[in-house]
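Novice: got a predicted structure here, sequence first:
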Amino acid sequence: MSEDLRTTYKGRLLAVKDLPTLPTALQEVSRLLELPNTTTDQVAKVISFDQVLAAKVLKMVNSPIYGFPGRIGTVKHALVLLGFNVIRGLIISTSVYDDMNRAMRGLWDHSVGCSLACGELARALGMKDPEEYAVAGLLHDLGKVVSALQLPEAKARVDGVVKEQDLFYIDAETQVLGFGHDRINAWLAEHWNLPPAIREGMAFHHKPMSARIYPQMACVVHVGNFMARLFEYGSGGDDNVPPLSPHALKLLGMNQRSLEALLDNLCEKFADAGELGFA
Amino acid sequence: MSTRPPGFGDVASAGVPRCWLVTADGCLSATVRALWSGEGGAASGRPMDWRVFDNGRAVLEQFFLDPPDLLLVSATLPDMSGVSLIQLVKGENVYRQVATLLCLDAPGVAGVEWSSIDADDFMVLPAQAAPRTEGDVACAPLPPPLATELRARVDLALTRAGRALDASPLTKLPGNTSIIKYIQGLIDRRVDFALAYADLDNFKAFNDKYGFSRGDEVLMLTARLIATTAREVRGQPAFVGHVGGDDYVFVTPVDEAEDACRRVVGAFDAIVPGFYDAEDRERGAIVAHDRQGQVRSFPLMAVSIAVVCNRPSAGFSLAHYGEASYRASQVKKLAKDRTGSCYVFDRRQT
């Protein structure tokens, strides 16, 4: 593809304003914010189930106006620093998908599944900040959401290619746009000053060994994505389970047995999340 | 001396803003005099101590020695332009806190290059005709809407000057003057409150290793953390100030203080590792040379908070702000003896 077209696409993607979300988490946060004794922990828990709301709070707290761009990588920390006043403003100004609701539902569920898997995996591996891994998992397909909104005609073509040729979503994206959602993720994370670890998780979950600074993060999101797909938790846009990189498993020090233990753990996690009504 | 007798506002007491009018226009000085003496029918509003000078030179020497709070200057003066007088004054950092207003007539406004002027505000007044001596009966009184506007602009300029100068340029939180004024106000009104002094341990090591701009990130983080915490505290009083550097104060109701401290400490400890590079974060410390040139390990930054309470309702009152800060500094020593983030209350009060 030509550089010009790529630049045009990039401009349109980064121009995204007022990302809408699905009503579930938004309504729950609104309800919580009206109660007198709500804690940031309660709100953080709900926002951690919605990729768009999570992206919004992280984008805001990492904006230069607050003075520490790229430093805040968990929803809970973001909320503590933004305060209820700003969160309230952010919730009021967020609109809801109407007609696209059903089409987007699968993607939302998939992001929650991947987030749970990443958090669980990071905990099992004894990582210091499992919450950040969960956030990277939650945001790993945000590029798909943004491109559906900003490049709707391309989205229709990608869906068509997936169906006709039985391709992975990312390969269909590359065929139609010349780049995949991983590239869009990298642009967005950079543009929004998200912390480098989260950026690498988002940008390299399909090619974990290409991550330069935080390969562990990229590998965790890679494995997390695989798990969510394996459990068919939500939908990533196609019906295939992506290949699992043996290098990623090796880098994380995982083997068949630890992988199976993780899968068992996740069964419970996913069931719990389902009960919360977010999946 | 070409100055007029000082203090015609009869309010030359402490706490009353000192305002100087520089104009050769007798009608303007008559107007100002009438407005702030109550003759103009606008007796309400805060009193101000007005003094009038009829040329620029007369004002300067006194100004440099003992500047007023506000300067209201006519655009045209006998010996210089009002604009150059304002530039002269505002060009010196020590005088920048003085609020300056430029008075001009409607045609004059168009000719001003606003981007290159340090005036804080301006006021358009109708050009007066020939009579230029004070008390001349030919002075037309200022139309009531303009009189109200002039009062309001002077009032606002004074308030704004105090606000803007005092705030920390980095965090935009109120600075020392506002802090002292606020605390002393609470003490004077015999309000119960807890005053917390927060500062950072090992901030210097961080600043030395990563540089000022990374250091500023941490100062912004701390400010934001304290600000949101104090803001979400139940009830009044609630206040946050930035003394400077890594020193902050916040005020909460006595019953809320411990919870607020716990939240600040908890959040700070959870968030601050993200401000270090991965290697130092893993190690939990910075390795650097100390002031004696020895290699030393400096742990990750921590926040220490010392809390002093004023409780007139329970028979314990601080005498003045100085006592509050003295007690806090004593308590702070206890906090500094501990490692890691912590908060300590002044127990001698109980």
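Specialist: Cool, got the structure.

Novice: alpha carbons only for contacts and neighbour counts from here, please
Specialist: Will do.

Novice: around chain B, pick out the residues from chain A.
Specialist: Near chain B, the residues belonging to chain A are A:66-68, A:71-72, A:77, A:80-84 when assessed by Cα under 8 Å from any Cα of the partner chain.

Novice: how about a markdown table for these, with pLDDT added?
Specialist: Formatted as a markdown table, the residues of chain A next to chain B follow (pLDDT from 0 to 100):
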| residue | pLDDT |
| --- | --- |
| A:66 | 93 |
| A:67 | 94 |
| A:68 | 96 |
| A:71 | 97 |
| A:72 | 97 |
| A:77 | 97 |
| A:80 | 96 |
| A:81 | 95 |
| A:82 | 93 |
| A:83 | 91 |
| A:84 | 90 |
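
Novice: how about the secondary structure of the residue of chain A found nearest chain B?
Specialist: Of all residues in chain A, residue A:68 sits closest to chain B, at 4.9 Å by Cα to the nearest Cα. Three-state assignment for residue A:68 (DSSP: H, G, I helix; E, B strand; the rest coil): coil.

Novice: might you report the residue contacts of it?
Specialist: A:62, B:217-218, B:220-221 (Cα atoms under 8 Å, 6 or more residues apart in numbering or on different chains).

Novice: now residue A:42: which helix or strand?
Specialist: helix A:40-47 (DSSP states H and E).

Novice: need the pLDDT of the closest residue to residue A:66 other than its chain neighbours.
Specialist: Using Cα to Cα, 6 or more residues apart in numbering or on different chains and skipping the chain neighbours, the partner closest in space to residue A:66 is residue B:220 (7.1 Å). The model reports residue B:220 with a pLDDT of 96.

Novice: burial count for residue B:220?
Specialist: 19 (other Cα atoms under 10 Å in any protein chain shown).

Novice: same deal with the one 5 residues further on?
Specialist: By the measure other Cα under 10 Å, the count of residues near residue B:225 is 23.

Novice: max pairwise distance over the contacts of residue A:68: which two?
Specialist: A:62 and B:218 (13.2 Å; Cα to Cα).

Novice: can you pull the residues of the stretch 251-350 of chain B lying near chain A?
Specialist: Near chain A, when you scan the stretch 251-350 of chain B using Cα under 8 Å from any Cα, you find B:267, B:271, B:274-275.

Novice: in the stretch 201-350 of chain B, what residue is nearest chain A?
Specialist: For the stretch 201-350 of chain B, Cα to the nearest Cα, closest residue to chain A: residue B:217, 4.9 Å.

Novice: which strands or helices does whichever strand or helix holds residue B:63 pack on?
Specialist: Following DSSP H and E, one finds residue B:63 within helix B:56-65. Contact partners of helix B:56-65 among helices and strands, from 3 or more Cα pairs under 8 Å, 6 or more residues apart in numbering or on different chains; DSSP states H and E: none.

Novice: what about the helix holding residue A:42, distance to the chain center?
Specialist: Between the centre of helix A:40-47 and the centre of its chain there are 17 Å (Cα atoms, centre = their mean, to the nearest Å).

Novice: equivalent analysis for stretch A:216-234, please.
Specialist: On Cα atoms, centre = their mean, the centre of stretch A:216-234 falls 11 Å from that of its chain.

Novice: now that stretch: average pLDDT?
Specialist: Mean predicted confidence for stretch A:216-234 is 92.

Novice: before we move on, what about stretch B:238-255?
Specialist: Mean pLDDT, computed over stretch B:238-255, is 94.

Novice: what segments of the stretch 1-150 of chain A are helices?
Specialist: Applying DSSP state H, counting those that start in this stretch to the stretch 1-150 of chain A gives helices spanning A:3-14, A:23-34, A:40-47, A:51-61, A:75-92, A:101-124, A:130-138, A:142-150.

Novice: wait, which of those helices is closest to residue A:230?
Specialist: Using Cα to Cα, these put helix A:101-124 closest to residue A:230, at 10.3 Å.

Novice: neighbours around residue B:155, how many?
Specialist: 17.

Novice: residue ranges of the helices in chain B, please?
Specialist: Applying DSSP state H to chain B gives helices spanning B:26-37, B:56-65, B:82-90, B:106-110, B:144-166, B:176-188, B:203-210, B:212-231, B:257-271, B:278-283, B:321-337.

Novice: let me have those helices in CSV, extended by distance to residue A:208.
Specialist: Compiled in CSV, those are given as follows (distance: least, Cα to Cα, whole Å):
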stretch, distance to residue A:208
helix B:26-37, 74
helix B:56-65, 66
helix B:82-90, 58
helix B:106-110, 63
helix B:144-166, 50
helix B:176-188, 51
helix B:203-210, 29
helix B:212-231, 29
helix B:257-271, 26
helix B:278-283, 19
helix B:321-337, 45
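
Novice: which one of the ones you listed lies nearest to residue A:127?
Specialist: Here helix B:278-283 is closest among those (Cα to Cα), at 10.6 Å.

Novice: now that closest one: mean pLDDT?
Specialist: 92.

Novice: what's the answer for stretch B:57-69, then?
Specialist: 86.

Novice: what do you get for stretch A:142-154?
Specialist: pLDDT averaged over stretch A:142-154 gives 92.

Novice: buried ones in that stretch?
Specialist: A:142-151 (16 or more other Cα atoms under 10 Å in any protein chain shown).

Novice: name the residues that touch that stretch?
Specialist: With Cα under 8 Å, 6+ apart, stretch A:142-154 has contacts from A:9, A:12-13, A:16, A:19, A:51-52, A:104, A:155, A:176-177, A:181-185, A:188.

Novice: any of the residues you listed buried? List them.
Specialist: A:9, A:13, A:19, A:51-52, A:104, A:155, A:176-177, A:181-185, A:188.

Novice: my read: residue B:161 touches residue B:100, true?
Specialist: No - counting by Cα atoms under 8 Å, residue B:100 is not a contact partner of residue B:161; they are 9.1 Å apart.

Novice: ok, these two, which is more surrounded?
Specialist: Ranked by neighbour count (other Cα under 10 Å), residue B:161 and residue B:100 place residue B:100 first, with 28 against 18.

Novice: where's the more buried one relative to residue B:319, distance?
Specialist: Look at residue B:100 and residue B:319: by Cα to Cα, to the nearest Å, they are 36 Å apart.

Novice: just residue B:246 next, same as before
Specialist: Counting by Cα to Cα - residue B:246 and residue B:319 are separated by 27 Å.

Novice: same check on residue B:271?
Specialist: On the measure of Cα to Cα, residue B:271 and residue B:319 end up 38 Å apart.

Novice: compare the two (neighbour count), which wins?
Specialist: residue B:271 (21 against 12).

Novice: what about the stretch 1-150 of chain A, any weak spots by pLDDT?
Specialist: A:1, A:99-102 (pLDDT under 70).

Novice: quick one: contacts for the residue nearest the centre of chain A?
Specialist: For chain A, the residue nearest the mean C-alpha position is residue A:139 (1.5 Å; Cα atoms, centre = their mean). By Cα under 8 Å, 6+ apart, the contact set of residue A:139 is A:51, A:55, A:111, A:202.

Novice: apply 10 Å and report the result again.
Specialist: A:50-52, A:54-55, A:108, A:111-112, A:114-115, A:133, A:145, A:185, A:189, A:198-199, A:201-203, A:221 (Cα atoms under 10 Å, 6 or more residues apart in numbering or on different chains).

Novice: now the residue of chain A closest to chain B: how far from residue A:210?
Specialist: 27 Å.

Novice: then residue B:26?
Specialist: 79 Å.

Novice: residue contacts, residue B:180?
Specialist: The contact partners of residue B:180, by Cα under 10 Å, 6+ apart, come to B:186, B:241, B:243, B:320-322, B:325.

Novice: recalculate using a threshold of 8 Å.
Specialist: By Cα under 8 Å, 6+ apart, residue B:180 lies in contact with residue B:321.

Novice: with residue B:289 instead?
Specialist: Applying Cα under 8 Å, 6+ apart, the residues contacting residue B:289 are B:295-296.

Novice: any weak-confidence spans in the stretch 101-250 of chain B?
Specialist: In the stretch 101-250 of chain B (pLDDT under 70), the answer is B:128-138, B:164.
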